[in-house]
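# Output the structure for:
(4 chains)
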Amino acid sequence: MVFLDLALNALASGIALGCIYALVALGLAITFGLLHIPNVAHPALVIAGAYAVVLANMRGIDPILAALVLTLPFYAVGLAFYEFYARAFERRGRGNTLQSLTLFFGVSLIVEIALVVAFGTDLRSVSVPYVGRSFELGLIVLPYRFLVPALLAPAVILGLWLYMTRTHSGLAMRAVAHDERALSISGHDPVAIKRHAFGLATALAVLAGAALVIVGPVDPFAGRVHLGRVFAVVVLAGLGSIPGTLAAAIIIGVAEAFVTAFLSPSWAPGVAFAILLGTLALRPNGIFGTAR
Amino acid sequence: MSAIVEIRGVEKRFGAIRALGPVNLSLQPGERLGLIGPNGSGKTTLINCLSGLFAANAGTIVFEGRDITQEPAHVRARMGIARSFQIPRPFTGMSVIENLLVPMDYLPIEAGAREGRAMEILSSVGLAGRRDAPAEALSQLELRKLELARALVIEPKVLVADEAMAGLSEGEINDVLALLMRLNERGVAIIMIEHIMHAVMRFSQRVVCLETGRIIAEGLPQAVAQDKHVQKVYFGERAGR
Amino acid sequence: MSWRNFLLVALLVAAAGMVLPRVLENPYYFFAGYVVLQYVVIATGWNILGGYAGYTNFGTSAFFGAGVYTAAFLIKAFEAPLLVQVLAAAGIGMLLGLVTGYLTLRIQGVYFAIATVALVVVLETVVHNSDYLGGASGLTTIAPPAPAWFAGPTQYVFCVMLVLALVAVGIARAIEHSWVGRSLRAIRASEPAAEACGVPTLRMKLAACAISGGVIAMAGAPYPYYASHVDPLSAFSLTIGLNALAMPLIGGTRSWIGPVLGAVLLASVQQITTVTISSEFNILAVGLMLIAFVVLAPEGILGLVAELRERVGRRRATT
Amino acid sequence: MSISRRELGKLAGGISIAMAAPAIWTSARAQNQPIKIGCTVSQTGALAGTKNSQIGYELWRDNLNAAGGLLGRKVELVIYDDQSSPAQVPGIYSKLIDVDKVDFLFTPYGANLTATMMPLAKQRDKVAIGILTLASNDKVKYDKFFQAAPWGPNGAEDWARGFFDLAQTQGVKKIAIAAADTEFSKTAAAGGKRVCEQAGIEVVSYDIYPPTLNDFSAILRNLRAKAPEAIFLCSYPPDSTAMVRGLTEIGLPASVRLFGGGMVGPQYASLMQTLGKNLNGIINFHLYVPEPTLKFPGIEGFLAEYEKAAKAANVDPLGFYIPPFCYAAGQIISEAVKATGSIDQKKVADWLHANPVETIVGKIRFNELGDWTERRVLMAQFQGVDDSGLDQFRKAGKQVILDPPAFKSGELVPFAKARS
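The predicted structure follows:
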């Protein structure tokens, strides 16, 4: 009975945690998975999003609502940033992995310091009525501060997936990952599509930020702990696979929750990455990726 | 005369999709074989299996009487199976001559003789004047030539030329064809993958046509070109009319 | 530069390094110098795989941390001398490089980069869960005293790091100028083409990964001696991983001198900003510098120099 | 050439004067130069939440200089950012000592950062005042190290003893311990475990979890079956928040009467504000709370000045936790320098070993390792907290001191009752 209780709840909170990881990883699934831009600044942008949500929440606005509205300015920031990136690299030839990594490393440092200067270093959080209460179903007890942001993930992912598979510009975005030349022949401007994709990824950062800050307080450097894990999720998913991102994140979340519940919490961080290493050794294209 | 290459029942799958096979094909020493077929018909997959970049999922590949199915690509290269790539893949960050030194590092050639040997090959493809140019600086034709030159370094017994003439002008095509002919005269068997029909037809002694991973026609160039099936899949509606 | 000249310069640098503690009294410069040299070793080691072969190792701190903890373990268990620590760390680093390489080098670049990140977290978790290594609290490592010839422990560990840096640069240069370097460059340009030219790519990549890992781990070995205390946060720090790739980029990845220049430049700037800008803006300065470099000199200092030379050459040709 | 013994004596005297002359000259010049105190503050990185310590130092400096400085000389602070990274510390402290020529040192915040500078301080023989570093001098045993925080002797083991004393008086027989996998928390947990073993309290579970964990439901669930009567939690701010939320989300076993002990986080204004009434009933350590039993001279004035400075610097507006002890760290130095009339390291250290120091956090006496002779870590219970915001915490009665008995300011309320 105790075992069942623990197992069910580990499963539930693992899935919830996984959904939240998926949200944080989603922007990267686009920039890294589709555009092949290793945006290591994404977690820092997520935290910037969280701070923006905190600001709105101080005026009494619901964090998720605030995040939805804030996607617009973040989208614009993403556009502007891609423009800068494209000018710096892509038009002058190729921007290789190393150069992009270094550039985004610099960007993440700047984002962090900007947050420190603007907000100080104290932990910030949001106040929402449902924090502190739990959803109960039989043996399962799941805090709302996990459940609510976790529900955001499938909704966002479904929306994104529909967008990617059903709309013209979504399809173009997926096509740009595969064959840029073919795309420009068919009358699309690849740079415009990539810019749009980057804007979208940045807009997703603010949704992820809202999710994180509902779960717990953040400080300007909180993005660093997520960096490894989100890359792990994106790679495990198979680059660019949007539903795969959710599945991979849930696998990691559940694995962490089970290790925490049954083994020892202190091994939890390593387990996710052990899964990743094992997967890469056995299935180099990720669990849900197709061979190229 | 026994075949230099024997491909028996080779298959290649990507996930659930079978990209190639089963294919049976043999190549005689010194033969000029043309490999044709529409895009995605499995031509490049077949030669990737032959050169060892892909591991075949089924079947065996025999080279000079030896089963090489399990051998990695670099071993096959050293045995004498050379190839050029559809999209030229020069070793950027090196000079033209250094490009040729890469394969030589793995051949029993004396250190003192290497440069001379490399220059010989460069002269034979007409790149001698570009010996110190960085690979990035080459023109499309020069890249194609470098691609062939690099393949020649290993003194191949079989050379696979994967669309070595794509994007070249008529005059340049003739250059490359002449080059390949000279090689063949020295006894090198050549597999030519090409979309430029008149070139394949002129060059090949035998032509094989692939479609959706299978051989649909094989024989003398003229015969294959006349084949109804080939015309339908390859030359499309226009030719069929 | 010919081998003879290179060796001559290396010997001169080594001699200067040995004499320096006698001339320069202020120990601070040896503390700062140690850090700069440590990064010379790290960047040079990183570049063997990341620059020559084009495989971005994002988890440099896994190898560095392995070196740090190998040395710390040897101090705690046997009070082993520094030389033994360095050699053992290099051995462990090579082994780790071999294993990681075998697991992940068959896959393409980006996956490899991420796999190395995973390695950092796995090793860090292991250390966290090891009571013998002190877990999160770290381990105080009072190393055996420095040989009497040196003015103090800092000067000693500085000289050790200087020797390591020369060894690392020597290894990198030897690789670069040999057939090994040529094969690695071929791999960087095109793996299938290299393979088709008879280059055993997997074996070459494994070798590069092992050597690179060994050199980076070696850079971590004197850290317990330098800091007297090791902790997982410092040993597996993200900063090391990021610096390791930023430095070769700033210098240029094609030649051994690039990472050296980049490491000296970036590490010095970091050292100087931390003790001159006494606020969070020191990090900001580093961030801006990285961006400026990537945008203005994407091929690093070496690229910039080559471009300048070309321009001057062209001007001369026209006049 | 032969030199007589007398001539030799003269020569020697001449040389010694010649050699001493620059020393006299420099010491005369030094009279006009400021007395420098150097340290690092974690302005960036994981420990950036502690950067309000700088305000403590600066207020001390400003007050001192306004009153004419030390020995007639101005006091100057040299502060650098250590980026929360122990690897940065040795280099920076060497810069402070060898280049900036500071006269005294404060340590960085916390034990891991401090561990990399202690050997250096000892080697260069500089008086160093510990800033909340736990057990930093246990291994190095440096005779010029003095701890500003009230961990007391044998801090690693005993600093949270108050919690266990309370548990014993409450008749607790079974206790559960959970700690974040960080240096401070793990030391505290290990110390707590040993205290329990001595006191005969059974430790029914002992969990170490990663500090990034934000879901404590599994840990809380595992606790249910073990029915502990007290839970000793050693956590860091993010996980403290998660755990306190878990209290209402998952709930504690009904058997639990005491909860808290070693949580870092509920000392910070931002978390106190966020958690509000969820804090009620928690008994947690603190170093200062505005209770009537802790009215040391100067503390209220300090907090008022701090509040103004904190607003400008965008840091913790309450400043109960670290800043008063940074101010006190300064006072430890200035009092000793005033008393000895010298900045001689040995004289200052000897004086500090022999005499108590009056500071805004009370009278401090040091033992041979430089720790306070008496532990004064407060175990305070949150009582009657509502969601009205920060001001309530500035008044007495919200964080009632239960231990040490000498500072007791109220009675323990059982956990369940305090939360209803």
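# My read is that C:Leu133 contacts C:Leu74, right?
No - using Cβ atoms under 8 Å as the test, C:Leu133 is too far from C:Leu74 to be in contact (11.6 Å). To be clear about C-beta, it is placed using only N, CA and C from the backbone, and glycine gets the same treatment.
# Let's check: the centremost residue of chain B is which one?
The residue lying closest to the centre of chain B (Cα atoms, centre = their mean) is B:Val160, at 1.5 Å.
# what residues are up against that residue?
B:Val160 is in contact with B:47, B:50-51, B:81-84, B:190-191, B:193, counting by Cβ atoms under 8 Å, 6 or more residues apart in numbering or on different chains.
# Swap in 6 Å and give it another go.
B:47, B:83, B:191 (Cβ atoms under 6 Å, 6 or more residues apart in numbering or on different chains).
# for D:Gly362, same thing?
Taking Cβ under 6 Å, 6+ apart, we find D:Gly362 in contact with D:Phe296.
# on that earlier part again, what separation do you get for the residue nearest to the centre of chain B and B:Ala225?
B:Val160 sits at a distance of 22 Å from B:Ala225 (criterion: Cβ to Cβ, to the nearest Å).
# what comes up buried for the longest helix along chain B?
For chain B, the longest helix by residue count, based on DSSP state H, is helix B:170-185. Buried residues in helix B:170-185, defined by neighbour count with 16 or more other Cβ atoms under 10 Å in any protein chain shown: B:172-173, B:175-177, B:179-180, B:183-184.
# that older thread, quick check: the gap between the residue lying closest to the residue nearest to the centre of chain B once chain neighbours are set aside and D:Tyr321.
Closest residue to B:Val160 apart from its sequence neighbours, by Cβ to Cβ, 6 or more residues apart in numbering or on different chains: B:Arg83 at 4.0 Å. B:Arg83 sits 70 Å away from D:Tyr321, going by Cβ to Cβ.
# Next: C:Arg173.
Distance, C:Arg173 to D:Tyr321, by Cβ to Cβ: 53 Å.
# neighbour-wise, which of these two wins?
The neighbour count for C:Arg173 versus D:Tyr321, taken as other Cβ atoms under 10 Å in any protein chain shown, is higher for D:Tyr321 (24 against 19).
# Identify the residues contacting the spatially most central residue of chain C.
Nearest to the geometric centre of chain C sits C:Ile42, at 0.6 Å (Cα atoms, centre = their mean). C:Ile42 makes contact with C:216, C:219, C:244 under the criterion Cβ under 6 Å, 6+ apart.
# and which of these is nearest B:Ala73?
C:Ile216 (30.1 Å; Cβ to Cβ).
# Next, count neighbours for residue 100.
Defaulting to chain A. For A:Ser100, using other Cβ under 10 Å, the count is 23.
# Switch to chain C, please.
Neighbours of C:Thr100 using other Cβ under 10 Å come to 25.
# Which helix or which strand is home to it?
Using DSSP states H and E, C:Thr100 sits in helix C:82-104.
# residues of that helix that come out buried?
Neighbour count says helix C:82-104 has C:82, C:85-86, C:88-90, C:92-94, C:96-98, C:100-101, C:103-104 buried, by 16+ other Cβ under 10 Å.
# quick check: mean pLDDT across that helix?
Mean pLDDT, helix C:82-104: 91.
# list the helices and strands it packs on?
helix C:60-78, helix C:109-128, helix C:201-220 (3 or more Cβ pairs under 6 Å, 6 or more residues apart in numbering or on different chains; DSSP states H and E).
# Nearest to A:Phe74, out of these?
Per Cβ to Cβ, nearest to A:Phe74 of the helices and strands packed on helix C:82-104: helix C:109-128, 25.2 Å.
# what's the spacing between that closest one and its chain's center?
Here the centre of helix C:109-128 is set off from its chain's centre by 17 Å, with Cα atoms, centre = their mean, to the nearest Å.
# What lies in contact with it?
A:228, A:231, A:235, A:269-270, A:273-274, A:276-277, A:280, C:55-59, C:61-62, C:65, C:100, C:104, C:133, C:135-136, C:232, C:236, D:181.
# ok, now stretch C:274-292?
Residues from elsewhere that reach stretch C:274-292 (Cβ under 6 Å, 6+ apart): A:102-103, A:106, A:109-110, A:113, A:116, C:246, C:270, C:273, D:43-44, D:79-81, D:95.
# what ranges do the helices span in chain B?
B:43-51, B:73-79, B:96-104, B:114-125, B:140-153, B:170-185, B:197-203, B:221-226, B:228-230, B:236-240.
# Output those in a markdown table; the columns should cover mean pLDDT and distance to A:Arg224.
Listed next are those as a markdown table, based on pLDDT from 0 to 100; distance: least, Cβ to Cβ, whole Å:
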| stretch | mean pLDDT | distance to A:Arg224 |
| --- | --- | --- |
| helix B:43-51 | 89 | 42 |
| helix B:73-79 | 91 | 41 |
| helix B:96-104 | 91 | 41 |
| helix B:114-125 | 88 | 50 |
| helix B:140-153 | 88 | 44 |
| helix B:170-185 | 88 | 55 |
| helix B:197-203 | 87 | 58 |
| helix B:221-226 | 85 | 63 |
| helix B:228-230 | 82 | 61 |
| helix B:236-240 | 45 | 57 |
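# Angles on the backbone of D:Asp207, please.
Recorded main-chain torsions at D:Asp207 are phi -110, psi 130, according to degrees, to the nearest 10.
# That one: what's its closest spatial neighbour, skipping adjacent residues?
Nearest one to D:Asp207, counting by Cβ to Cβ, 6+ apart, is D:Ala178 at 4.4 Å.
# re the thing from before, pLDDT score for the residue nearest to B:Val160?
B:Arg83 is assigned 90 on the pLDDT scale.
# That one: neighbouring residues, count only.
Close neighbours of B:Arg83, defined as other Cβ under 10 Å, add up to 30.
# and it, how far is that from chain D?
Relative to chain D, B:Arg83 is positioned 50 Å away (Cβ to the nearest Cβ, to the nearest Å).
# who touches that residue in this structure?
B:Arg83 touches B:51, B:160, C:196, counting by Cβ under 6 Å, 6+ apart.
# 8 Å - rerun?
B:Arg83 sits next to B:47, B:51, B:151, B:159-162, C:196 when contact means Cβ under 8 Å, 6+ apart.
# name the helices or strands packed onto the host helix or strand of A:Gly18?
Under the criterion of DSSP H and E, A:Gly18 resides in helix A:2-28. Secondary-structure packing of helix A:2-28 (3 or more Cβ pairs under 8 Å, 6 or more residues apart in numbering or on different chains; DSSP states H and E): helix A:42-58, strand A:140-143, helix A:144-166, helix A:190-215, helix A:224-237, helix A:242-258, helix D:217-226.
# Please verify my assumption that B:Asp227 contacts B:Ile215.
No - applying Cβ under 8 Å, one finds B:Asp227 not in contact with B:Ile215, separated by 11.6 Å.
# where do the contact lists of these two overlap?
Common contacts of B:Asp227 and B:Ile215, defined by Cβ under 8 Å, 6+ apart, comprise B:Cys209.
# so where is the chain shaky, pLDDT-wise?
Here I'm looking at chain A. By pLDDT under 70, the weakly predicted segments of chain A are A:1, A:90-95, A:177-187, A:239, A:283-292.
# Switch to chain C, please.
C:1, C:105-110, C:143, C:278-279, C:318-319.
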